[in-house]
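K.L.:
Give me a model of this one.
(4 chains)
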Protein chains: 4
Amino acid sequence: MERRRIGILNSGGDCPGLNAVLRGSVRAAQKLGWEVVGFKDGFEGLLPPGRFMMLDRHKTAGIMPLGGTILGTTNKGHFVAKVGAHGTKAVIAEEIIEQARAVLKGLRVEGLIIIGGDGSLSTALQLQEAGIPTVGVPKTIDNDLEATAMTFGFDSAVACVADALDRLHTTATSHRRVMVIEVMGRHAGWIALYGGLAGGADIILLPEIPFDYDKVIDAVNKRTEDGCLSTMIVVAEGARPKDGAIRTRATAAGEYRLGGIAESVASEIAGRTDRETRVCVLGHLQRGGAPTTLDRILGTRFGIHAVEMIAAGQYGYMVSYQNYLVTEVPIADAVNRLRLVNPQGQMVMAARAVEVEFGD
Amino acid sequence: MERRRIGILNSGGDCPGLNAVLRGSVRAAQKLGWEVVGFKDGFEGLLPPGRFMMLDRHKTAGIMPLGGTILGTTNKGHFVAKVGAHGTKAVIAEEIIEQARAVLKGLRVEGLIIIGGDGSLSTALQLQEAGIPTVGVPKTIDNDLEATAMTFGFDSAVACVADALDRLHTTATSHRRVMVIEVMGRHAGWIALYGGLAGGADIILLPEIPFDYDKVIDAVNKRTEDGCLSTMIVVAEGARPKDGAIRTRATAAGEYRLGGIAESVASEIAGRTDRETRVCVLGHLQRGGAPTTLDRILGTRFGIHAVEMIAAGQYGYMVSYQNYLVTEVPIADAVNRLRLVNPQGQMVMAARAVEVEFGD
Amino acid sequence: MERRRIGILNSGGDCPGLNAVLRGSVRAAQKLGWEVVGFKDGFEGLLPPGRFMMLDRHKTAGIMPLGGTILGTTNKGHFVAKVGAHGTKAVIAEEIIEQARAVLKGLRVEGLIIIGGDGSLSTALQLQEAGIPTVGVPKTIDNDLEATAMTFGFDSAVACVADALDRLHTTATSHRRVMVIEVMGRHAGWIALYGGLAGGADIILLPEIPFDYDKVIDAVNKRTEDGCLSTMIVVAEGARPKDGAIRTRATAAGEYRLGGIAESVASEIAGRTDRETRVCVLGHLQRGGAPTTLDRILGTRFGIHAVEMIAAGQYGYMVSYQNYLVTEVPIADAVNRLRLVNPQGQMVMAARAVEVEFGD
Amino acid sequence: MERRRIGILNSGGDCPGLNAVLRGSVRAAQKLGWEVVGFKDGFEGLLPPGRFMMLDRHKTAGIMPLGGTILGTTNKGHFVAKVGAHGTKAVIAEEIIEQARAVLKGLRVEGLIIIGGDGSLSTALQLQEAGIPTVGVPKTIDNDLEATAMTFGFDSAVACVADALDRLHTTATSHRRVMVIEVMGRHAGWIALYGGLAGGADIILLPEIPFDYDKVIDAVNKRTEDGCLSTMIVVAEGARPKDGAIRTRATAAGEYRLGGIAESVASEIAGRTDRETRVCVLGHLQRGGAPTTLDRILGTRFGIHAVEMIAAGQYGYMVSYQNYLVTEVPIADAVNRLRLVNPQGQMVMAARAVEVEFGD
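P.N.:
Next up, the predicted model:
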């Protein structure tokens, strides 16, 4: 008799812990006697004739400490929703969905686990609405989904930021410098806030708290007066001054544009104080490396729970972490709802208590 | 005018994140305009004439990434409670309390922050009852206090275990071996459970789940039959077989006795299977190294909140972490209440789902 | 037309950098248009019907940072030389060699790269003398071969020791303890010497410098008098006191016997000083983990050069590192010649200059 | 009776291992019964009234694993040599030397250890010629001094590069991207060559081997055709195309200018292939973090030998590493003689053997 089969794919930017999710799902499915089809390169693997690999315990052995994803992933492709005229809802072309349906049917895939961020979960929802049974696993390195208290990858990114601050702190102190470190976070400043706090940053600039250049300059000067040897500034890539302007040298547009806001902040400081100032843009380093134990465990548990949801026929739902327990919520309730740093929340207050400046 | 003064000390075994607590308290106190007296070597620093150092921002600069504690600590000394005859309550000698009171008064210390585990918090409570205003900060690397959802140090210990498993996994696989790794946990198996899960252990033995040697042997043999190249076994130091006996070679008692239960488990496997078996006892490695970001942040927040509790006159209370917020509970309600691994809880179920064996 | 084919295997204990050698050989062979047969589990893979995998660029992609060896290895098996009666030369059984010859011929393997230590190189030599063309790559984590200035794996083991010392130093200092760390080195103390020096050890005990317990005790006491908070002792597993006796508790023999000499040293210190003393046995941790850059590069260069030696028909030779250049020496000149720590050499003198005690 | 006194300072950019040199010198001096004056912020500490701290065993305890330098350093200041009119020799102003002489005399400093790069060693030479007894310790993270086979700091920088490549490799592979990593090396490409080789880079661009954009593009395309999932390019900051032009977007000058050549290379690839391309500039991360064991040991040995040179009255000499031994050379013979990568040397040949492209 044929064994039951499920599919799994990850979509969007890679994130530490993806391999833990894959391993968790595969082991949990195998324990139930199921087979697992892993689709390659995100949703693109669903297109005819199907790009996939069969996953089992041996294929996923030893992958938990590895960054990236053994399936590959993509940010782009045929499943990107197109916004209709007059602001109508973004949708994937109908023929693309039909092609995916045919591939899944041909492979006898009963249910599909989709690991992805807000956009990918919207795609998952559309597949579900089109009759393809899906469950979601949230993936956002920024930890900015309202529907889950925690997502894997975030802790690893924060660890990368803190490690960089440890490294840069000794050199900044030796040279009595100001160091501006740009980290991920276009809309939400969680990585900057946690990474900065853990790495002992003196100034943290977040998208949620527009800053004032004068206040930043004052904070740097005050530290110099107090005899502090260095000043460490963590700035989220989405942080902006109150007047909205990024004061920086003109640059041509470019996909690999470096250090936008960080260079702007550094320019101001170098120009208006007597401190030597240096910039470091962490960029993709934050996505790589061995995931932390927290991310490995969270990823594993998410992967297991997704299989349990398929076993229970709970399609259209997404894994969620609430009160230290893994549970689930409807995907429809989860998408498009960001969780931002609360400027009056306990974490920001804690940071202020240890004399972190936010430039506001 | 004289500035207000508070005291701080840490007691019992050292734990990653202690320096973050010290730094957090000092910075928070300094922001309020207070001075901080750091007592050395645990409660012993309170004895006349007082062994201490004044702590300020510069003294605590750069200490967050360091393991250990800049104040020193001790497990022993004059403040260890003596159990009275006929099971009467354990108490510290009255004259010791009076000596501490005199030292604190002489130094103008208004309130004392005590960072410690169950025993040290009992001492804190007794000081409080004797009229010395104290607040507590829980410290247990085993994360086994009922009164707080999380304690600092645990995540770092788990990271150490997972890192060791990553290291040992490649050598075990290359040699087709069974590897038995002994980790901390006399009463609670949290470190073994989280570390084992994050490090991809195949068998995890916990104090809370007595194991059967036959089941362990079966699990090893089954893996060999399935073509698995290695078997990784994590065993908490307090794990015990169902029949209660540790079957091991006779040894003289010794403070630095190595590998009790791990050697016993390895002996059985080596004797009853055809697998080469090796033992690794992590021991004190689990206490050292740079704390993880989670422990740095938790320690910092605990240190800040202890100062806020003094500012609010909330003596006799202990910092606690609940629902992602730092809050406080009465010390009297917190001591002597352990949080153990629930054999039917979600974490153990998750481990079973990924085919971890518990030997039960 | 068929492409030329070479074989490769690793034998004996695993060692960080083995995968770098494999990757280096495969890439170098591929550049010459050759194919590479990787034999599994050491020499055992040569037995009929042959256990092997074809290695190419894709199979060896991403393996350099991994510990262990993707081919597997063994310390034992059919190729272990048997010592004849009356001390005649140790030899491998003739029929075993014939079986290996047949397998190699069947697979069209022209030359065989053997990565191994002293014993495995002796086997390589015997194969070569029996007409099977071999070249050797030296592998000893102890770095104790006279015929090469450096071997891969050693630097990674030293890094593991220093990292452990960093971790243990903070906890030892916090508790004012003596810490005894046992490291690899049965005959040669290079790991203890380099690891101890890099990790800031206060006392280093080596096989090459028999120690006196009284001198060790004196050194511990002197440090206590000088106000030093901790004493870190690194002891090679082969270190011995001058009188030859290991004073330790009676133990049954056991393959996984822990902490022989370290426990003995700790017993003496705990019994004869007032210091709390703890033991840590690093064991197999020293073999795992990502190899250091030095070991990756050295392994890569060794792997490349082995292929170049086959291209030049230089069989019966072994790769060697001399004066910062990779070159080769006859295997016959290399085996059975150990390089030991010179007690009057510059490294020991340097250690003494920074007040390291050797207990002599 | 007064004890003999020596001085020590570090000058120029910080470098992993500086603290090991300080600790080594202090311990060696202390063993001889001498005192050590540590001057702060490079040569600037020599100006009246003298900025310094007395260094002893306790002040240097536990500093070996720390990056940076506890003395502080500077690239600039009053001791920067001024080039005279008509190309006359660069000299420090006479009055500056007199001030330093007075401070050293006032502190009874008999000999001065100067840890620094080419420029700082020239200054040391000028002080020596002016009658201030000095010995030099070479410091160049680029490892580009002809007069010593190895300098501390280089191995740590290479480790940082390889670690970054490990991290970036998984994310690049998951997204099928080209990743361009810019590393230190204005004149010499050693860090790029060793870091690239250890991190498994596919293309390495060095100052010593001018590259051709067409060849780089060809290499990227060839890898895509061969089915390679990612292409990792390491580029030294001083690498240049054969035609000399850096084809990049116009930028205003700025001290913290990011990613010059890396952005240029990435622009070309993104524009001329179908590969997504990303840039990462490691910058100051390469100077920080715990030094590797090799750098700790080399730094320690250099620090010891500098003290031995003072003990022997060997002023005007610099510590040097030759044939695995620490020795010394006249400073006058050492300055202004760079050691560059030999495009025909064994290391470049090894890299080519494992299919690394240099774009030439």
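K.L.:
got the residues of the stretch 201-350 of chain A near chain B?
P.N.:
Contact residues (Cβ under 8 Å from any Cβ of the partner chain) of the stretch 201-350 of chain A with chain B: A:226-228, A:290, A:292-294, A:296-297, A:300-301, A:304, A:307-308, A:323-326, A:346, A:350. For every residue, glycine as well, the C-beta is placed using N, CA and C.
K.L.:
ok, whichever residue of the stretch 251-360 of chain A sits closest to chain B to chain D distance?
P.N.:
Closest contact between the stretch 251-360 of chain A and chain B, by Cβ to the nearest Cβ, is at residue A:293 (3.6 Å). From residue A:293 across to chain D, the span is 17 Å (Cβ to the nearest Cβ, to the nearest Å).
K.L.:
Which residues are in contact with that residue?
P.N.:
Taking Cβ atoms under 8 Å, 6 or more residues apart in numbering or on different chains, we find residue A:293 in contact with B:155, B:158, B:159, B:162, B:194, B:195, B:198, B:199.
K.L.:
If I look at the first one, what pLDDT would I see?
P.N.:
Yep, that's residue B:155 we're talking about. The score at residue B:155 is 98. That number is its pLDDT.
K.L.:
who's in contact with the spatially most central residue of chain A?
P.N.:
Nearest to the geometric centre of chain A sits residue A:141, at 1.8 Å (Cα atoms, centre = their mean). For residue A:141, the contact set (Cβ under 8 Å, 6+ apart) comprises A:13, A:15, A:16, A:151, A:153, A:154, A:157, A:184, A:191, A:286, A:287.
K.L.:
my guess is the fifth one contacts residue A:15, does it?
P.N.:
The reference is to residue A:153. Yes: between residue A:153 and residue A:15 there is a contact at 3.6 Å, judged by Cβ atoms under 8 Å.
K.L.:
so where does residue A:182 fall, helix or strand?
P.N.:
In the assignment (DSSP states H and E), residue A:182 maps to strand A:178-183.
K.L.:
I'd like the distance from that strand to the chain centre, please.
P.N.:
20 Å (Cα atoms, centre = their mean, to the nearest Å).
K.L.:
Sheet partners, orientation included, of it?
P.N.:
strand A:231-236 (parallel), strand A:277-281 (parallel) (DSSP bridges).
K.L.:
Quick one, which of these gets closest to residue B:49.
P.N.:
When those are compared by Cβ to Cβ, strand A:231-236 sits nearest residue B:49, at 38.8 Å.
K.L.:
now that closest one: mean pLDDT?
P.N.:
Mean per-residue pLDDT for strand A:231-236: 98.
K.L.:
send the alpha carbons of that strand over as CSV?
P.N.:
Provided in CSV are the C-alpha atoms of strand A:231-236 (Å, rounded to 0.1, in the frame of the first residue of the first chain):
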residue,chain,number,x,y,z
THR,A,231,30.4,55.2,21.6
MET,A,232,28.6,52.4,19.9
ILE,A,233,25.6,53.2,17.8
VAL,A,234,23.3,50.6,16.4
VAL,A,235,21.0,51.8,13.7
ALA,A,236,18.2,49.8,12.1
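K.L.:
nearest to residue A:66, of the strands paired with strand A:178-183?
P.N.:
Nearest of the strands paired with strand A:178-183 to residue A:66, taken as Cβ to Cβ: strand A:277-281 at 24.3 Å.
K.L.:
Tell me how far that closest one lies from the chain's centre.
P.N.:
For strand A:277-281, the distance to the chain centre is 23 Å (Cα atoms, centre = their mean).
K.L.:
In the stretch 101-250 of chain A, what residue lies closest to chain B?
P.N.:
Closest point on the stretch 101-250 of chain A to chain B, by Cβ to the nearest Cβ, is residue A:198, at 3.6 Å.
K.L.:
who's in contact with the residue of the stretch 151-300 of chain A found nearest chain C?
P.N.:
As assessed by Cβ to the nearest Cβ, chain C sits closest to residue A:290 within the stretch 151-300 of chain A, at 9.2 Å. Residues near residue A:290 by Cβ under 8 Å, 6+ apart: A:16, A:65, A:66, A:67, A:156, B:166.
K.L.:
any idea which element it lies in?
P.N.:
Using DSSP H and E, residue A:290 maps to neither a helix nor a strand.
K.L.:
ditto for the one 5 residues further on
P.N.:
Assigning secondary structure by DSSP H and E places residue A:295 in helix A:293-311.
K.L.:
report the angle between the axes of the helix or strand that comes right after that helix and helix A:293-311?
P.N.:
Downstream of helix A:293-311, the next assigned helix or strand under DSSP H and E is strand A:317-322. With axes from the mean of the first three to the mean of the last three Cα atoms, to 10 degrees as the basis, strand A:317-322 and helix A:293-311 are set at 140 degrees to each other.
K.L.:
hmm, who's touching strand A:317-322?
P.N.:
Strand A:317-322 is contacted from outside by A:121, A:124, A:135-138, A:147-151, A:298, A:302, A:305-306, A:309, A:326-331, A:334, using Cβ under 8 Å, 6+ apart.
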